[in-house]
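Peer 1: A structural model of the following input is requested.
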Amino acid sequence: MIIPNLCCSIRVEPGNMHCVSVVVPHPSYLPEKSWTRVDGPDGILVVDCHTVELMKKYGYSVRRRGDVIMSLEIGCEEEDLRRHLSVSEDVSEDVSEDVSESLDHLQLKE
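Peer 2: The predicted structure follows:
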């Protein structure tokens, strides 16, 4: 499933690292402790804990347009993603509803 990186336009200092999240559109939506640095073949990324869990559980690949990380290809189904978001503790109810509405409007590709 190809899931948009909701933080594709955001870079994090120091080092101008890419911010990656399939859950929230801005890092301020989650507590600072919810973000972690991921070193991988795609460089150094700053990723929220919910996206990291999905990446670890289902595997992933990064999709870019130029230097911008536009989306992640994650080996899960839409139901897996919805279930994961519904049980995530530090995603507030408002954010979870926003993401659910976004999923309803996205044309997710498998």
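Peer 1: Just the helices from this protein, written as ranges.
Peer 2: Per DSSP state H, the chain has helices spanning 49-58, 78-87, 93-105. These are given in chain order.
Peer 1: Can you name every helix or strand that the second one contacts?
Peer 2: Under the contact definition 3 or more CB pairs under 8 Å, 6 or more residues apart in numbering; DSSP states H and E, helix 78-87 sits against helix 49-58, helix 93-105. To be clear about C-beta, it is placed using only N, CA and C from the backbone, and glycine gets the same treatment.
Peer 1: which sections of this structure are below the confidence cut-off?
Peer 2: Across the chain, residues meeting the criterion (pLDDT under 70) sit at 87-110.
Peer 1: rerun at 80
Peer 2: Flagging of the chain using pLDDT under 80 yields the residue ranges 14-15, 84-110.
Peer 1: ok now do residue 43, which residues does it touch?
Peer 2: The neighbourhood of residue 43, defined by CB atoms under 8 Å, 6 or more residues apart in numbering, consists of 17-18.
Peer 1: Tell me the bridge partners for it.
Peer 2: residue 40 (DSSP bridges).
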